[in-house]
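**Q** attaching a predicted model along with its sequence, questions to come.
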Amino acid sequence: MPENPTEPAIDGDLTDGGDTAKYGRWGAVLLTVLVLVWFYGFESRYGSNRSQSAFEWILSAWNGENDYEHGPLFPLVIAGLIVHRFKSLKASVSKGVPLGLLVVLLGALCYAAGYRTLQPRVAMGALPFLLWGGAWYLWGTRVAKQLFFPLFFFWLAIPLPSFQQATTHLQLLATSMAHHGAGLFGVDTVVQGNMIASATGGWEPLEIAKGCSGIRSLMALLMISGAWAYVANLSMWKRVVLFLAAFPLAIIGNTLRVVSIFVIAEYGNAEWARGSWHDWSGLLLFYPFSLMLLLLIHSLLEGGLPWKKEKRRELRRVVVSSSGNSEKPEPLGTES
């Protein structure tokens, strides 16, 4: 009988790892991996001449032309999120749920649809269903809940068709904000479409190309904010706010980066501004600025710096009296 009558008893083969159940589960995992590797890694069906597998297609799609240069980081981030929760996942293993097979079937149907229609995006979008449904079937609901976000987070790594059309609106927005932002620093500019020129003719006109629209920065920052929100010790609505904060932060950060180019061109070296600083300003200015604002938002939602709040939580200990009296536990630390 379990010590707590309100908790259901757990089968012995789940806690003790009985040989039959243990080898059966890991055998199913191995078979699943082999099937996925074959259909995603060796079944050539996609690309312009149908010579690419699904994995080969997405690797080729993670490029600057699609504004997905950060794509190769997604598998590493997802693996890191799972490793971060590994102890909790291991402790959460319970009896598998047959409904997981329905999710696997849904993933298989999505893959079949992508295979028949030659749509690699549909095939790649089926992968989280296959993995998550398999985890739910093999290791239970608690494990499935913790793996839901890391696995379906992969959807953000799949380049969307007509995605580049979004850069047009962002280009116009970035142009307008850069024009007004430069004016705050005393740089008078003239806007013609997505071209910004110096009102005094001090430097050659600069074009807000699609690469400067902020779409690349936005997609990369969505990846960062999503991972950040997942590991943050916050309630669900606060995590959603932290994740969605990537949209305004990317616009603000990109505007600051473009304005810095105009300011340097006006008061410094125009050639260096349009060359070296343009290429490195994202790494040296955009990401530090955006991450600092993301930390600020997290701190506001947390009610203080995250690591300090964590230390306060760790200090919350109680002294349990061994005499068995009814005195209340004495707190050794508080959150004040």
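**A** Perfect, thanks for sending it.
**Q** low pLDDT regions in the stretch 1-150 of the chain?
**A** Scanning the stretch 1-150 of the chain for pLDDT under 70 picks out 1-22.
**Q** show me the helices in it, by range?
**A** With helices called from DSSP state H, counting those that start in this stretch, the stretch 1-150 of the chain shows them at 12-15, 19-37, 54-61, 73-84, 86-91, 99-117, 120-125, 127-139, 141-152.
**Q** possible to save those helices as a markdown table with distance to H180 and mean neighbour count?
**A** Any C-beta I mention is one placed from the backbone N, CA and C, and that applies to glycine too. Below are those laid out as a markdown table (distance: least, Cβ to Cβ, whole Å; neighbours: other Cβ atoms under 10 Å):
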| stretch | distance to H180 | mean neighbour count |
| --- | --- | --- |
| helix 12-15 | 62 | 13 |
| helix 19-37 | 50 | 13 |
| helix 54-61 | 35 | 19 |
| helix 73-84 | 33 | 15 |
| helix 86-91 | 48 | 11 |
| helix 99-117 | 45 | 16 |
| helix 120-125 | 38 | 22 |
| helix 127-139 | 41 | 22 |
| helix 141-152 | 38 | 18 |
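**Q** of all the ones you listed, which lies closest to G183?
**A** Distance to G183, taken as Cβ to Cβ, is lowest for helix 73-84 among the helices of the stretch 1-150 of the chain, at 36.3 Å.
**Q** CA atoms only for the closest one, dumped as CSV, please.
**A** This file holds the C-alpha atoms of helix 73-84, laid out as CSV (Å, rounded to 0.1, in the frame of the first residue of the first chain):
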residue,chain,number,x,y,z
LEU,A,73,21.0,26.5,-33.3
PHE,A,74,17.4,25.2,-32.8
PRO,A,75,18.4,21.5,-32.3
LEU,A,76,21.0,22.6,-29.8
VAL,A,77,18.6,24.8,-27.9
ILE,A,78,15.9,22.0,-27.8
ALA,A,79,18.4,19.5,-26.6
GLY,A,80,19.5,22.0,-23.9
LEU,A,81,15.9,22.5,-22.8
ILE,A,82,15.4,18.7,-22.4
VAL,A,83,18.7,18.3,-20.6
HIS,A,84,17.7,21.1,-18.3
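**Q** ok, L172 - how many residues close by?
**A** 15 (other Cβ atoms under 10 Å).
**Q** residue contacts, it?
**A** Each residue near L172 by Cβ atoms under 8 Å, 6 or more residues apart in numbering is listed here: N194.
**Q** pretty sure it is in a helix, no?
**A** Yes. Residue state for L172 (DSSP: H, G, I helix; E, B strand; the rest coil) corresponds to a helix.
**Q** okay, domains of the protein per the record?
**A** Using automatic domain parsing, the domain parsing of the chain gives 12-160, 164-314.
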